[in-house]
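# Provided below are the primary sequence and the corresponding predicted coordinates.
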Amino acid sequence: MAFQRHVIGLAGQDQPGEVITEFDRASVTDEEWAVRVDLAAAYRLAALYGWDDLIYTHISARVPGTENHFLINPFGMAFDEIKASNLVKIDHEAKIIGKSDYPVNGAGFVIHHAVHKARHELNCVMHLHTEAGMALSMLDCGLLPLSQHSMFFYNRIGYHGYEGLALNMEEQERLIHDLGPHKNMILKNHGTLTSGESVGEAFVWTFWLEKAARAQLAAMAAQPQGLTIPEEKIAELTAHMYEMSPAKPGLKEWPAMLRKLDRIDPSYRA
């Protein structure tokens, strides 16, 4: 698939100007608007926690009632500028649905389109370049079952080798192969990818993975030769207990995160 210059933001493309297109709220369903609000909140919270990377990296969400449309950030805007009305809706051919004064990042389309197309049960995908996530992605050992948070991912996380900037559509097949049946993946020498059935679930997986990465890096820095790793059966039991919990990731945490954000700045809802 060839990227269209006016749709996908690639290196060398003219810088977009300030958003001037007025969003027509009546043009979307209540269900889509609710997802827009959640997705905008995820961007603002990512910025609040220091997970952003200038205007790069992406969080996407499937448009309810569709398999081929998803929402993503306008390329050129910072995470703390995102709101429900300025998210860009695109299809699986990288065409913008509706109006936007901003394009979409090419790497964002390649990575997110791959997951949304292959895994219909996953409605939100987060790809980040946090310092802890990138550092973890550089380690041969990967994520170790050192902390309780890391054990949530035990035998339940994929690894994908680095292939350069994610602008090659052919990489999608390998991304999905390496993700396997999991919802989360380490992109080697690159960053992290998490996903979920909801925006809240994907956010919580990111929160746990970031915390696990930070704890591992701190422990390795403090005592690299003396790490205490629980028995495999204990790590597996911990992962299974979390997996079988009736309170799925995000069910209770996400409303609390929205309340936090509303106290700080509710403009993401606009």
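Alright, I've got the coordinates.
# what's near enough to touch Ile157?
For Ile157, the contacting residues are 142-143, 182, 184-186, taking Cβ atoms under 8 Å, 6 or more residues apart in numbering as the criterion. For glycine as for every other residue, the C-beta is placed from the backbone atoms N, C-alpha and C.
# For PyMOL, write the select line for the buried members of these.
In PyMOL, a selection of the buried entries from those looks like this (16 or more other Cβ atoms under 10 Å):
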select buried, resi 143+182+184+185+186
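# what about stretch 168-183, how long is it end to end?
As for stretch 168-183, its first-to-last residue distance stands at 22 Å under the measure Cα to Cα, to the nearest Å.
# Show me which pair in the contacts of Ile157 is furthest apart.
The two members of the contacts of Ile157 with the most space between them (Cβ to Cβ) are Gly142 and His182, at 12.9 Å.
# ok, back up a step: just the closest of the contacts of Ile157 to Ala166, please.
Met185 (12.6 Å).
# As PDB, could you dump the C-alpha coordinates of the helix or strand hosting Phe109?
When elements are defined using DSSP states H and E, Phe109 is found to belong to helix 106-118. Backbone C-alpha positions of helix 106-118 (Å, rounded to 0.1, in the frame of the first residue of the first chain) are rendered in PDB as follows:
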ATOM      1  CA  GLY A 106       3.000   6.800   8.900                       C
ATOM      2  CA  ALA A 107       4.600   4.600  11.600                       C
ATOM      3  CA  GLY A 108       1.400   5.100  13.700                       C
ATOM      4  CA  PHE A 109      -0.700   3.700  10.800                       C
ATOM      5  CA  VAL A 110       1.600   0.700  10.200                       C
ATOM      6  CA  ILE A 111       1.700  -0.500  13.800                       C
ATOM      7  CA  HIS A 112      -1.800   0.300  14.900                       C
ATOM      8  CA  HIS A 113      -3.500  -0.900  11.700                       C
ATOM      9  CA  ALA A 114      -1.700  -4.200  12.000                       C
ATOM     10  CA  VAL A 115      -3.200  -4.900  15.400                       C
ATOM     11  CA  HIS A 116      -6.700  -3.500  14.700                       C
ATOM     12  CA  LYS A 117      -7.000  -5.500  11.500                       C
ATOM     13  CA  ALA A 118      -5.700  -8.800  12.900                       C
END
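# Contacts for the very next helix or strand once past it, please.
Proceeding C-terminally, helix 106-118 gives way to strand 124-128 as the next helix or strand, assigned by DSSP H and E. When contacts are defined by Cβ under 8 Å, 6+ apart, strand 124-128 is touched by residues 39, 42, 46, 51, 53, 57-62, 108, 111-112, 115-116, 187, 191-199, 201-203, 205-206.
# just the contacts of Ile157 now: which is nearest Ile82?
Distances from Ile82 to the contacts of Ile157, taken as Cβ to Cβ, are shortest for Asn184 (22.6 Å).
# Quick check: next helix or strand after the helix-or-strand element of the chain with minimal mean pLDDT?
Taking mean pLDDT, DSSP states H and E as the measure, strand 8-9 is the helix or strand of the chain with the lowest mean score, a mean of 45. Per DSSP H and E, strand 8-9 leads on to helix 30-48 as the next helix or strand towards the C-terminus.
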